[in-house]
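>>> just coords:
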Ligand code: UDP
Ligand code: MG
């Protein structure tokens, strides 16, 4: 019988673990799907990991790991994929904002041959105005840069074992799960769902963390910002050519004194462009630097007893 793994990254979600584990196991038992739940506590400082241990003690189909510190949701997802042993793996939030009722549908599509099943938001759940604006901006920037419609996509998806292995084999450290699952291709189906309200606790994202996420993902997935530097350079060269002609003409006509405004403007504009460009290039260099260092995506400090293999302190399963 095929096994379904469900990967649930959790950061300070002590109130959600028990409930989510119960809801999911009941649903999967009802639908006669053989499953395992993989909870990854992303360096939570509350009782998330003890809750995971408790859930695992009560149900052997539940396992989990604790990171040594907060490494971010991406790292949580990848650690979960690494620990998952299923023939198909579903990644979802552990606050039940991704409705579990969709899981049987995804499973059915997988049984019918789909290799990736994307969860598409039919409606974004209740969000504050500030969140809506920053998330809106985030998705617009992302969609432009990586030429994928990201507005309705999410991290809620099912991946076939083949796809999981491909993702785990990618050497890069700065990953963007949501876009990578498009990038790898494979036979893809879609399931739409309505984002639910959070069960307990509050969202872990702030305006700045979303912006940081946007910039990191944009630069890890697109080199367009670098090309932008070239475009800006060309534009300012054109601009200065026009000004140069004007200045020369004025000089020859003997009216060259009142040029200070132009000089100041030029210094400001060119200085601005230069600094912006350096910033963009710097960002890529930082990315390259991080990749070159080859540090692990995450560090596992504890695991539940039923986790196979030697994974503590490492980021790759040793087999
Ligand atoms: N999460 C995580 N690490 C983080 C931030 C969030 O593992 O640094 C998890 C979180 O516990 C949840 C999921 O990612 O299961 C989505 O986070 P959240 O609900 O805060 O985001 P939102 O649903 O508001 O986009
Ligand atoms: Mg949420």
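Looks like it came in fine. Quantities reported herein were computed from a predicted structural model and do not represent experimental measurements. Ligands and ions are numbered 1, 2, ... in the order given.
>>> Distance from the chain centre to stretch 299-309, please.
Remark: stretch 299-309 is offset 23 Å from the chain centroid, using CA atoms, centre = their mean, to the nearest Å.
>>> How about that stretch, which residues are buried there?
Neighbour-count burial for stretch 299-309, counted by 16 or more other CB atoms under 10 Å, picks out 299-300, 303-304, 307. For the C-beta atoms, the positions are set from N, CA and C on the backbone; glycine is no exception.
>>> Please apply the same query to stretch 246-255.
residue 247.
>>> and it, how far out from the chain's middle?
Distance, centroid of stretch 246-255 to centroid of chain: 56 Å (CA atoms, centre = their mean).
>>> is any part of stretch 210-224 close to ligand 1?
No - counting by CB under 6 Å from any ligand atom, no contacts exist between stretch 210-224 and ligand 1, the nearest distance being 8.8 Å.
>>> how about that stretch: buried residues?
For stretch 210-224, burial by neighbour count (16+ other CB under 10 Å) applies to 210, 213-214, 216-222.
>>> Equivalent analysis for stretch 100-108, please.
Residues 100, 102-103, 105-107 are the ones in stretch 100-108 that count as buried (16+ other CB under 10 Å).
>>> ok, back up a step: the buried residues of stretch 299-309 into JSON lines, with extra columns for pLDDT and secondary structure?
What follows is those, written out as JSON lines (pLDDT from 0 to 100; DSSP: H, G, I helix; E, B strand; the rest coil):
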{"residue": "299", "pLDDT": "90", "secondary structure": "coil"}
{"residue": "300", "pLDDT": "90", "secondary structure": "strand"}
{"residue": "303", "pLDDT": "88", "secondary structure": "strand"}
{"residue": "304", "pLDDT": "87", "secondary structure": "coil"}
{"residue": "307", "pLDDT": "82", "secondary structure": "coil"}
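>>> Tell me where the model's unsure across the stretch 1-150 of the chain.
123-132, 142-150 (pLDDT under 70).
>>> hang on, the earlier thing: mind listing which of the buried residues of stretch 210-224 are in helices?
With helices taken from DSSP state H, the overlap with the buried residues of stretch 210-224 comprises 210, 213-214, 216-221.
>>> Nearest to residue 284 among the buried residues of stretch 100-108?
Nearest to residue 284 among these is residue 106, at 36.2 Å by CB to CB.
>>> and the strand or helix carrying residue 249, what's its mean pLDDT?
Using DSSP states H and E, residue 249 sits within helix 224-252. Mean pLDDT, helix 224-252: 81.
>>> After it, which helix or strand is next? Please name it.
If you walk from helix 224-252 toward the C-terminus, the next helix or strand you reach (DSSP H and E) is helix 260-293.
>>> same for that following helix, what does it pack against?
Applying 3 or more CB pairs under 8 Å, 6 or more residues apart in numbering; DSSP states H and E, one finds that helix 260-293 contacts helix 207-221, helix 224-252.
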